[in-house]
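In: just to be clear, the model below is a prediction. Sequence and coordinates:
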Amino acid sequence: MRKPVIVGNWKMNKTVSEASQLLEEIKNLDLDSEVEAGVCTPAIDLLVAKEKLEDTGVNFGAQNMYFEESGAFTGEISPTMLTDIGAKYVILGHSERREYFKEDDELINKKVISALDHGLTPILCCGESLEEREADKQEDKVKSQIEADLKDVSSEDIEKVIIAYEPIWAIGTGKTASSDDADKMCGFIRSIIEDKYGTDLSEKVRIQYGGSVKPNNVVELMGKENIDGALVGGASLKASDFESLVNFNK
């Protein structure tokens with residue numbers, strides 16, 4: 001059985017002092033130990049996350065990284081920098097990185113391979129725009145992303161990847177794909193993995209839904225067969241909301 005995984009994506013929010021306060025609140029929460037919980041913070045907050053979340057059972061990670069270990073890449077952080085401080089996750093291919101910073105699938109694929117090579121858990125994001133969904137092109141878009149981003153990922157490594165389906169039109173808009181639509185797409189993603197890696201491995205890969213997930217809809221979403229977790233934006237910025245999300249079974 002796949003262990004549910006709820007991860008907060010703080011995006012570009014929380015100064016170091018604000019992060020310290022929120023993480024202090026999170027570390028004192030009574031969270032369901034049967035659910036894997038984590039937060040992905042801005043790079044400047046990672047050391048605070050390491051300090052505050054140590055021995056809590058809540059993992060932490062980054063929102064991006066470059067694929068090289070070191071070098072003349074001003075402004076970037078490397079996989080070795082993340083592993084050195086004990087980070088578990090790195091979010092890769094988020095639609096905001098694709099749109100605003102022009103990251104393409106070739107670059108994202110290099111990042112996924114590098115993350116796996118360094119023992120990090122990539123949270124690989126995929127999803128379609130509103131125009132693509134209205135044109136019934138959502139499956140074509142997601143399939144092209146998954147196939148390109150997982151190029152050369154081995155059978156030994158695929159189960160270490162978390163895939164986050166995030167329809168672009170539902171991110172931060174208050175709109176949420178219906179639980180049935182979200183489940184259908186997560187099931188479609190699983191079928192892509194099955195075609196490439198076989199049934200046994202496809203059943204081990206965890207697939208999250210992301211896009212305006214909140215305490216009032218997480219139970220319905222998590223009740224679906226193919227949704228194994230959530231990548232949560234705004235609702236992860238309050239400790240009480242994060243608690244409700246992780247404790248969706250309670």
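Out: Everything's here; your move.
In: rest of the way, CA atoms for contacts and neighbours
Out: OK.
In: isn't P122 right up against L116?
Out: Yes. Between P122 and L116 there is a contact at 7.1 Å, judged by C-alpha atoms under 8 Å.
In: got a list of what the residue nearest to the spatial centre of the chain touches?
Out: The centre of the chain sits closest to I123, judged by C-alpha atoms, centre = their mean, with a distance of 4.0 Å. By C-alpha atoms under 8 Å, 6 or more residues apart in numbering, I123 lies in contact with 89-92, 161-164.
In: give the residues shared as contacts by P122 and L116.
Out: Residues within reach of P122 and of L116 at once, by C-alpha under 8 Å, 6+ apart, are K160.
In: which one of the two is surrounded by more residues?
Out: Ranked by neighbour count (other C-alpha atoms under 10 Å), P122 and L116 place P122 first, with 27 against 18.
In: tell me which element the more buried one falls in.
Out: In the assignment (DSSP states H and E), P122 maps to strand 121-126.
In: next helix or strand past that strand?
Out: Past strand 121-126, the next helix or strand by DSSP H and E is helix 130-134.
In: which parts of that next one are buried?
Out: Residues 132-133 are the ones in helix 130-134 that count as buried (16 or more other C-alpha atoms under 10 Å).
In: and the residue nearest to the centre of the chain, what's its pLDDT?
Out: In this model, I123 is scored at 98, pLDDT.
In: how far away is it from K160?
Out: Taking C-alpha to C-alpha, to the nearest Å as the measure, I123 and K160 are separated by 9 Å.
In: how about the helices of the protein, start to end?
Out: Using DSSP state H, the helices of the chain run over residues 16-27, 46-53, 79-84, 95-100, 105-117, 130-134, 138-149, 155-158, 179-197, 199-202, 218-222, 239-246.
In: circling back to that earlier point, neighbouring strands - and their directions - for the strand holding P122?
Out: Sheet pairing here is set by DSSP bridges, and for strand 121-126 it gives strand 89-92 (parallel), strand 162-165 (parallel).
In: what angle do it and helix 179-197 make?
Out: 120 degrees (axes from the mean of the first three to the mean of the last three C-alpha atoms, to 10 degrees).
In: my guess is L124 contacts R97. True?
Out: No. When contacts are counted by C-alpha under 8 Å, L124 is not listed as touching R97 (11.7 Å).
In: quick revisit: looking at the helices of the chain, spot the one closest to W169.
Out: Each of the helices of the chain has some distance to W169 by C-alpha to C-alpha; the shortest is helix 130-134, at 5.2 Å.
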